[in-house]
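Undergrad: coords below, sequence missing:
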C-alpha cells in the first residue's frame, strides 16, 4: 500500500536498548532491517531515539527533507496496467546521494 500511495514514511523508534546497542541483536536487526527496507522503498527514513529524548532535532530533520524535495519526471513506455517499474537515480556530484522511491505501478 505504501508503494502505491507514493508518500515517504518516517519511523521514530524510541527504545533505550535499541538506541544504546544500535540494534545489534539479531531480532532487533531484523526488525530495523524491515523498517529500513520499507522506508527506503518510499523515500523515508528510520530514526533511533531514547524513550525520553527531545525529538525536536528529528522532527526538524524530517521537515527539512520534506521541504527540499525535487520532482523528476519522464514518460515511461506503456505497461500492462498493474506492472511494477523500478526506479534508480544516480547523482554525479561527489559525496551526494539521492533518496528516492523504489519504483511505481503503471
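TA: All right, it came through fine. It should be emphasised that the depicted structure is a prediction, and the values quoted were computed from it without experimental measurement.

Undergrad: just confirm residue 66 is within a helix.
TA: Yes. Counting by DSSP: H, G, I helix; E, B strand; the rest coil, residue 66 is found in a helix.

Undergrad: verify the stated contact: it with residue 9.
TA: No. Taking C-beta atoms under 8 Å as the definition, residue 66 is not a contact partner of residue 9, at 11.7 Å. Every residue, glycine included, has its C-beta placed from N, CA and C.

Undergrad: now do the contacts for the most centrally placed residue in the chain.
TA: Most central in the chain under C-alpha atoms, centre = their mean is residue 44, positioned 2.5 Å from the mean C-alpha point. By C-beta atoms under 8 Å, 6 or more residues apart in numbering, the residues touching residue 44 are 8-11, 38.

Undergrad: residue 35: how many residues sit nearby?
TA: 17 (other C-beta atoms under 10 Å).

Undergrad: which strand or helix spans it?
TA: Using DSSP states H and E, residue 35 sits within helix 26-42.

Undergrad: any idea how far the closest residue to residue 14 other than its chain neighbours is from residue 20?
TA: With C-beta to C-beta, 6 or more residues apart in numbering as the criterion, residue 14 has its nearest non-adjacent residue at 4.8 Å, and that residue is residue 49. The spacing between residue 49 and residue 20, counted by C-beta to C-beta, to the nearest Å, is 11 Å.

Undergrad: which SS class is the residue nearest to residue 104 when sequence neighbours are not counted?
TA: Once flanking residues are discounted, residue 104 sits nearest to residue 85: 5.7 Å by C-beta to C-beta, 6+ apart. Here residue 85 is recorded as strand under three-state DSSP.

Undergrad: what's near enough to touch the residue nearest to residue 14?
TA: Residue 49 touches 12-14, 19, 55, 58, counting by C-beta under 8 Å, 6+ apart.

Undergrad: can you pull out the low-pLDDT segments for the protein?
TA: 79-81 (pLDDT under 70).

Undergrad: at 50 what do you get?
TA: Of all residues in the chain, none has pLDDT under 50.

Undergrad: could I get the full set of helices for it?
TA: In the chain, the helices defined using DSSP state H lie at 2-5, 16-21, 26-42, 56-67.

Undergrad: okay, those in CSV with distance to residue 99 next?
TA: Below are the helices of the chain laid out as CSV (distance: least, C-beta to C-beta, whole Å):
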stretch, distance to residue 99
helix 2-5, 15
helix 16-21, 22
helix 26-42, 8
helix 56-67, 8
